[in-house]
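1. quick one, what's the 3D model for this:
(chains A and B)
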Amino acid sequence: MTEPAIVTEDIARQFGDYWAVAGVDLEIAAGEIYGFLGPNGAGKSTLVRMLCTLLRPTRGRGVVAGFDVARDPEKVRLRIGVALQDAALDDRQTGRELLDLQGRLYGLRRDERSVRVEQVLRLVDIGTAIDRLIKTYSGGMKRRLDLAAALIHDPDILFLDEPTTGLDPESRAAVWDEVRSLNEQHGTTIFLTTQYLEEADELADRVGIISRGRLVAEGTPDELKRTVGTDVIVARVESLTDTTLRSLQAVPGVDEVVATRNEVMVHADNGGAVMSPVALALHQAGTTVVSLTLRTPTLDDVFLQLTGTHLQGEVTSDAEGQSAEHTGDAGHAEHEDHSRHAEFAARPPQGDGPGSGPVPHADAQAGMAETS
Amino acid sequence: MISTGAAPTTALEVQARPAGFVVDVASVARRAIRQIPREPEAVIPALIVPIFFYVLNIGALSDITHTAAKFSFKSFELPVAVVFAVTGVSRASALVTDIQNGYFDRLMITPVRRLPLLLGLMTADLTLVMALAVPVIVVGLALGVRFHGGVLGIVVFVILSGIWGLVFTGLPYAIALKTGNPGAVNASFILFFPITFLSTTFVPKPYLQGWLASVANYNPMTYILQGLRSLIVGGGGVPGSEPTWNAAFLGQALLAIAAFGAISLSLALLALRGRVRRP
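-> Sure thing, here's the model as predicted:
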């Protein structure tokens, strides 16, 4: 299979006045694990629901397994497996009954069903609970059964919408193993949404970062991390002034300074060498330092640099569009209310130039996307 | 598709395909039927209530009805008890649960055709309501009710009640699919009262008076009860009529069911179309 597994061209979805997905272009190769990373309300689930034929795109196009999701939904459905965000299972069936029904709906014969059920159960370890009613399952077991149900018909492409949200670390690791082995042993293309950086970093061949309905960056986890420099010095401080930021910016060897409420991230190629000058600059600016650490960049740094907000640690509701509520208040990232957000999101991606401030806002997306 | 062959998950390559209309209906029905014994709380009242009222009514009213010759109140009331048992029993609440918890979306992502998502549930309902009619009839037989048409009469009786129960489910399904709201589905039970009571529920038609007589004339239930009664006592339950098969009464009952079904099932299909159309 040489044609891409998933292609979208300016795919967008509007709810009322609000663009949940505001024009996204993707091209995902067959056999790839693609991680779609973004906070709650960024548009991840809306995009997945369009690609798996539950929602109609308002504009643009989505092609999955070679078929247009709007024109040929039946053909798309035969080729995809989907595990939606909340494991959608029926409590009053046993796990085995649910898998068997799923197999019947995909037209599998009795012999095929019995073999496939055993096969997916080998991949997704549920044990003897498979013959118990689903209402007795733990959250982790439900997720694994959901994954098994998505796999029963041996799909070419698997959509996993936040497959590990709400799982304990052990169950999360188990799901990761299952996803990896599925991809490695079977070549299944996996489109995975997540709000966990480790998850995207751990699993995905390529990561797309979505913020407010738009793809703001795309690349391998390493490529994305390289865009924010080699090392990061994180200074937690009691208070922050523009003077402090300016003096940090002036330290030789410092590439970029990104500030949030009580934290400054100093990006530098050689973090070890600028550690002392940075400490000195903070001291001279009269800033009280709570802690000072040196580390390599994470996807969170990428996210922060692109959107001016941390990916995690945000207190967000399920409401779409609330993701930017807790942007930093150091004078760099401005708070955007819902209506401004909608207006912003409605502009075409080409219209946004690269950002210029120390905190590149979402406006940086055009430049960032080109680097990958 | 890359396949290593050695991995356990690649031992069988299967090809998903549309299962076909009949298989789709059967698959959905199978799941729905399997759920029924798992929620006895939904079925037991549907059985106890009609039997309770049947025994109560004939106990309370039999004596004052014995004045008419050849009139057996327990025979006259058995169809009412069966109608009570089969009317309003549906998988509509379960459907709302599916819609709310996202399982309906999971089904929608599969290649299943959309109409079987409803027809499968209705198939399960038909099976259940016919099964509910049987114990009520057994109680009637135990109390001495006799069908002049014998076993064939009983079979026709069960089928006629069953398809009535089936067409009535159109209303709760329409509400379930339209609203996705469990409260609204429960409220659909209110429709049961005017349909079942503004009719010859307790009194033969010639004895109905005033506005009730007028309303009963237009209520399909009047003709359904008449048809069902004609299988027991003949003559549609009118005192003194002879116990014989009455094609006219059975035909009217079928027509009444068809007329009601044309409306209720259209509403359900419209609601289904709205629900499965991609928003």
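
2. got the buried residues for the helix or strand bottoming out on mean pLDDT in chain B?
-> In chain B, the helix or strand scored least confidently by mean pLDDT, DSSP states H and E is helix B:40-65, which has a mean of 83. Neighbour counts over helix B:40-65 (16 or more other Cβ atoms under 10 Å in any protein chain shown) mark B:42, B:46-47, B:50-51, B:54, B:57-58, B:61, B:65 as buried. (C-beta placed from N, C-alpha, C; glycine too.)

3. same question for stretch A:236-255.
-> For stretch A:236-255, by 16+ other Cβ under 10 Å, it's A:237, A:240, A:244-245, A:247-248, A:251, A:254.

4. in helices, which of those residues appear?
-> When the buried residues of stretch A:236-255 are checked against helices (DSSP state H), the matches are A:244-245, A:247-248.

5. ok, these vs B:Leu255, which is closest?
-> A:Leu245 (84.4 Å; Cβ to Cβ).

6. still on that earlier bit, now the buried residues of helix B:40-65 in CSV, please, with extra columns for distance to chain A.
-> Below are the buried residues of helix B:40-65 laid out as CSV (distance: Cβ to the nearest Cβ, whole Å):
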residue, distance to chain A
B:Ala42, 11
B:Ala46, 18
B:Leu47, 20
B:Pro50, 25
B:Ile51, 26
B:Tyr54, 31
B:Asn57, 35
B:Ile58, 37
B:Leu61, 41
B:Thr65, 45
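
7. of all the buried residues of stretch A:236-255, which comes closest to chain B?
-> Checking these against chain B by Cβ to the nearest Cβ gives A:Leu240 as the nearest, at 44.0 Å.

8. what does the closest one show for phi and psi?
-> Dihedral angles of A:Leu240 (phi, psi; degrees, to the nearest 10) stand at phi -130, psi 130.

9. got it, and A:Arg295?
-> phi -150, psi 170.

10. quick one: contacts for it?
-> Under the criterion of Cβ atoms under 8 Å, 6 or more residues apart in numbering or on different chains, the contact list for A:Arg295 reads A:231-232, A:234, A:271.

11. if it is in a bridge, with which residues?
-> In this entry, A:Arg295 is beta-bridged to A:Val232, by DSSP bridges.

12. list the contacts of the residue nearest the centre of chain B.
-> Nearest residue to the geometric centre of chain B (Cα atoms, centre = their mean): B:Gly165, 1.5 Å. Taking Cβ under 8 Å, 6+ apart as the criterion, B:Gly165 is in contact with B:86-87, B:89, B:125-126, B:129-130, B:132-133.

13. from those residues, which ones fall inside helices?
-> B:86, B:125-126, B:129-130, B:132-133.

14. quick one: which of those residues is nearest A:Asp90?
-> Among the ones in helices among the contacts of B:Gly165, and counting by Cβ to Cβ, the member closest to A:Asp90 is B:Asp125, at 17.5 Å.

15. for that closest one, what are its contacts?
-> By Cβ under 8 Å, 6+ apart, the contact set of B:Asp125 is B:32, B:89-91, B:165-166, B:169.

16. find me the pLDDT at the closest residue to A:Thr189 other than its chain neighbours, would you?
-> Using Cβ to Cβ, 6 or more residues apart in numbering or on different chains and skipping residues adjacent in sequence, the residue nearest A:Thr189 is A:Ala5, 4.0 Å away. For A:Ala5, the model assigns a pLDDT of 95.

17. now B:Pro135
-> Turning to B:Pro135, the model gives it a pLDDT of 93.

18. now the angle from the helix or strand hosting it to helix B:40-65?
-> According to DSSP states H and E, B:Pro135 maps onto helix B:114-142. Relative orientation of helix B:114-142 versus helix B:40-65 (axes from the mean of the first three to the mean of the last three Cα atoms, to 10 degrees): 40 degrees.

19. how far off centre is the helix or strand that helix B:114-142 is followed by?
-> The helix or strand immediately downstream of helix B:114-142 is helix B:150-168, counting by DSSP H and E. Relative to its parent chain, helix B:150-168 has a centroid offset of 10 Å by Cα atoms, centre = their mean, to the nearest Å.

20. equivalent analysis for stretch B:77-88, please.
-> 9 Å.

21. and that stretch, what's buried?
-> Of all the residues in stretch B:77-88, those buried under the rule 16+ other Cβ under 10 Å are B:77-88.

22. go on, stretch B:105-119?
-> Those would be B:105-113, B:116-119, for stretch B:105-119 by 16+ other Cβ under 10 Å.

23. excluding chain neighbours, what is closest to A:Val69?
-> Here the residue nearest A:Val69, using Cβ to Cβ, 6+ apart, is A:Gly62, at 4.2 Å.

24. average pLDDT for the helix or strand harbouring the one you found?
-> If you go by DSSP H and E, A:Gly62 is part of strand A:59-64. When pLDDT is averaged over strand A:59-64, the result is 95.

25. quick one: list the elements packing against that strand.
-> Strand A:59-64 sits against strand A:6-15, strand A:18-28, helix A:44-51, with contacts defined as 3 or more Cβ pairs under 8 Å, 6 or more residues apart in numbering or on different chains; DSSP states H and E.

26. what's the closest of these to chain B?
-> helix A:44-51 (8.3 Å).

27. what's the angle from the closest one to strand A:59-64?
-> Using the same axes, to 10 degrees, helix A:44-51 lies at 70 degrees relative to strand A:59-64.

28. which residues make contact with helix A:44-51 from outside it?
-> Against helix A:44-51 from outside (Cβ under 8 Å, 6+ apart): A:6, A:8, A:11, A:13, A:20-21, A:24, A:36, A:38, A:55-57, A:62, A:64, A:69, A:80, A:82, A:84-85, A:159, A:161-162, A:191, A:193, A:195, A:210, A:213, A:320.

29. filter those residues down to the buried ones.
-> Looks like the contacts of helix A:44-51 have A:6, A:8, A:11, A:13, A:20-21, A:24, A:36, A:38, A:55, A:57, A:62, A:64, A:69, A:80, A:82, A:84-85, A:159, A:161-162, A:191, A:193, A:195, A:210, A:213, A:320 buried, using 16+ other Cβ under 10 Å.

30. isn't A:Gly62 right up against A:Val7?
-> Yes: between A:Gly62 and A:Val7 there is a contact under Cβ atoms under 8 Å: 7.5 Å.

31. in TSV: the helices and strands packed on strand A:59-64, plus distance to A:Leu304.
-> TSV is the format used below for those (distance: least, Cβ to Cβ, whole Å):
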stretch	distance to A:Leu304
strand A:6-15	26
strand A:18-28	21
helix A:44-51	18
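
32. of these, which is nearest A:Thr287?
-> Closest approach to A:Thr287 among these is made by helix A:44-51 (37.3 Å; Cβ to Cβ).

33. which SSE is the residue lying closest to B:Ala94 once chain neighbours are set aside in?
-> Leaving aside its chain neighbours, B:Ala94 sits nearest to B:Gln35 (6.5 Å; criterion: Cβ to Cβ, 6+ apart). If you go by DSSP H and E, B:Gln35 is part of helix B:21-35.

34. what residues of that helix count as buried?
-> Of all the residues in helix B:21-35, those buried under the rule 16+ other Cβ under 10 Å are B:23-33, B:35.

35. return the list of helices and strands in contact with it.
-> helix A:95-105, helix B:114-142.
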